[in-house]
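In: Would you be able to build a 3D model of this:
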Amino acid sequence: MSAEPDAHPLDNPVRSSLLGPHARFAQRHGGVLRYLPSVSPFAALTDQPGNRDWADAAARAGPGGLVPLAGVTMPPPAGVEAGAEHPLRADDRRGSRRGPG
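Out: Below you'll find the predicted structure:
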């Protein structure tokens, strides 16, 4: 479930759940796992998301859309906004990074 051998499932709870007991509720878009929208709004990235993973999440969200994440500790790359509650919002085509950091 996690790339880290000493990682606990609650380090990335949504990903752990979607790769385990809740797999039947999972949708995959590249490196992004998410619950079916009728089940939960949460999505998950790998423990060490790369630019491709963040791009997959932004594409999944769509322009101005949000992707609620839990367990992601790395900041997003330029062009992806992280809000105070750490939702992911696709940039509004200006190519700027807004939010913490």
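
In: which SS class is Pro21?
Out: Each residue gets one of three states, and Pro21 gets coil by DSSP: H, G, I helix; E, B strand; the rest coil.

In: Just the buried residues of the lengthiest helix in the chain, please?
Out: Longest helix in the chain by number of residues (criterion: DSSP state H): helix 51-61. Neighbour-count burial for helix 51-61, counted by 16 or more other CB atoms under 10 Å, picks out Asp53, Trp54, Ala55, Asp56, Ala57, Ala58, Arg60, Ala61. Any C-beta I mention is one placed from the backbone N, CA and C, and that applies to glycine too.

In: Quickly note the distance from the last one to Val32.
Out: Here Ala61 is placed at a distance of 9 Å from Val32 (CB to CB, to the nearest Å).

In: now the second one
Out: Using CB to CB, Trp54 is found at 9 Å from Val32.

In: any common contacting residues for those two?
Out: Counting by CB atoms under 8 Å, 6 or more residues apart in numbering, the residues touching both Trp54 and Val32 are Leu45.

In: Give the ranges of residues in the chain that sit below the confidence cut-off.
Out: Applying pLDDT under 70 to the chain picks out residues 1-5, 83-101.

In: quick one: the helices in it?
Out: Under DSSP H, the chain gives helices at 13-19, 51-61.

In: hey, where'd the strands end up in this structure?
Out: Counting by DSSP state E, the chain forms strands over residues 26-29, 32-35, 43-44, 66-68, 80-82, 87-90, given from the N-terminal end onward.
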